[in-house]
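A.B. asks: Structure of the sequence below:
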Amino acid sequence: MSSSFKSSRADMAASGCVDMDPDVARRLFEEGATLVLLDVPRGTELGIDCKSWQVGPRFKGVKMIPPGLHFLHFCSTNSPSCGGETGPKSGLFLTLKPRQILLARWDPKEEDLDFSASENEEHLERIRGALRELDPHLGPYPYEVMRKWVALTDHIGQEMAENLQPLSGRVRAFSDVIPELQLTHTKDRAEQPRNDTACQSMREGLDRLPKMKQREGTELRFSVLPERTYPPGASPAEITRCSMDLSYALETVLEQNYPEQPLNLLGELQFAFVCFLLGNAYEGFEHWKSLLAVLCRSEEAMRKRKELYLGLITVLYHQLGEVPPDFFVDIVSQNNFLTSTLQDFFQFASGPGMDSTLRKKAEKFKAHLTKKFRWDFEADLDDCAPVVVELPEGVAMD
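C.D. replies: Predicted coordinates:
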């Protein structure tokens with residue numbers, strides 16, 4: 001999904017910063033962190049935050065990186081003689097300090113960056129002493145995407161990123177899966193039941209395949225959303241009410257994961273979105289979709305948690321403003337997920353007892369989305385795709 005942010009092919013080793021304010025450039029040069037990335041093969045697609053490049057022969061890292069949270073992502077590319085195909089993407093969240101130097105070498109066997117050299121202080125000091133020689137080979141941080149990146153991640157702190165990131169330290173586009181039943185010996189495999197007859201259906205063929213599971217330590221560690229949206233011992237009437245208003249499910253998630261800081265749930269929503277948008281991890285999209293559905297369909301919680309929902313609108317405004325043009329056509333608009341979810345949200349936001357500030361902000365957001373994507377949230381979305389409507393000029397999101 002990061003292709004929309006990808007720049008044209010570049011060496012990414014120029015020492016200048018195009019169109020950057022001189023004072024900002026000087027401050028970043030003095031206070032910015034440096035990623036020294038050695039032996040990265042030419043042609044590798046590598047990016048930081050919302051921009052990526054194809055690495056040139058002189059590339060040895062990125063300099064002038066603003067302190068704070070960043071997402072480094074990369075994928076290897078075969079040589080032109082092998083077709084020049086790009087492999088699956090990997091990424092990791094980094095929290096960098098002022099003037100910090102982080103060192104990694106490319107591991108050709110794993111097709112990954114090995115940061116173990118950063119644990120050697122003596123080695124880092126040698127790198128620090130050689131920065132002047134390295135400088136022409138370090139590409140400047142793409143400062144033009146900094147505002148965009150901050151808007152997409154302003155609720156994510158270092159601790160949250162560490163807690164949600166896989167234990168393996170990598171966000172991967174494709175899940176690392178292994179068979180549920182480990183058969184390491186020929187004798188074990190021979191004892192498994194066999195069926196040598198031809199499959200009569202696709203379902204039968206799938207049933208014969210080994211059952212797979214995600215390798216432990218490689219999964220994103222999101223909050224677990226409750227399968228049951230109503231409290232234990234609920235009456236039929238309560239079950240119906242809690243199925244239409246998911247506030248009980250939302251409060252359960254907040255109590256279990258963010259009891260003291262409920263706004264941190266927005267950070268998890270942002271984390272899931274970045275993992276999908278920039279890391280191509282579909283697991284991130286699935287959680288973003290599920291978490292958004294719970295938030296948007298919790299009417300009672302909207303009345304109680306004004307700040308959470310004011311923040312949600314801002315988060316969604318920035319997220320939906322940065323996705324590629326075909327994002328909704330290919331994925332989000334399947335089964336009208338986003339339009340139907342937001343339709344419920346806007347209906348609740350305009351209901352009785354809602355805070356007037358929240359109601360007005362929701363109305364502006366609704367008008368903004370209607371104009372930007374030409375969705376009609378007043379239509380019945382059960383049997384049709386998003387309806388295109390014509391709006392007069394001048395309707396915009398403040």
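A.B. asks: how far away is Ala301 from Met146?
C.D. replies: Separation of Ala301 from Met146 (CB to CB, to the nearest Å) stands at 33 Å. Where C-beta positions appear, they are placed from N, C-alpha and C, glycine not excepted.
A.B. asks: out of those two, which sits in the more crowded spot?
C.D. replies: Ala301 (22 against 17; other CB atoms under 10 Å).
A.B. asks: mind listing what that one touches?
C.D. replies: Contact analysis of Ala301 by CB atoms under 8 Å, 6 or more residues apart in numbering lists 247, 250-251, 308.
A.B. asks: Likewise for Tyr230?
C.D. replies: 238-239, 241-243, 248.
A.B. asks: excluding its backbone neighbours, what's nearest it?
C.D. replies: Cys242 (3.7 Å; CB to CB, 6 or more residues apart in numbering).
A.B. asks: can you count the residues close to that neighbour?
C.D. replies: With other CB under 10 Å as criterion, Cys242 counts 18.
A.B. asks: next one: Arg132
C.D. replies: By other CB under 10 Å, the residues close to Arg132 number 7.
A.B. asks: And Leu103, which helix or strand is it part of?
C.D. replies: strand 101-107 (DSSP states H and E).
A.B. asks: roughly how far apart are Thr339 and Lys289?
C.D. replies: Distance from Thr339 to Lys289, by CB to CB: 13 Å.
A.B. asks: I'd like to know which elements the helix or strand Arg26 falls within is packed against.
C.D. replies: Assigned by DSSP H and E, Arg26 belongs to helix 22-31. When contacts are defined as 3 or more CB pairs under 8 Å, 6 or more residues apart in numbering; DSSP states H and E, helix 22-31 sits against strand 61-65.
A.B. asks: Relative to the strand it packs on, what are the paired strands and their orientations?
C.D. replies: strand 33-38 (antiparallel), strand 138-140 (parallel) (DSSP bridges).
A.B. asks: Let's have these in CSV, adding mean pLDDT and distance to Ala362.
C.D. replies: Output for those, formatted as CSV (pLDDT from 0 to 100; distance: least, CB to CB, whole Å):
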stretch, mean pLDDT, distance to Ala362
strand 33-38, 96, 39
strand 138-140, 94, 40
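A.B. asks: In CSV: those, plus mean neighbour count and distance to Gly267.
C.D. replies: Shown next, in CSV, are the strands paired with strand 61-65 (neighbours: other CB atoms under 10 Å; distance: least, CB to CB, whole Å):
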stretch, mean neighbour count, distance to Gly267
strand 33-38, 23, 22
strand 138-140, 23, 28
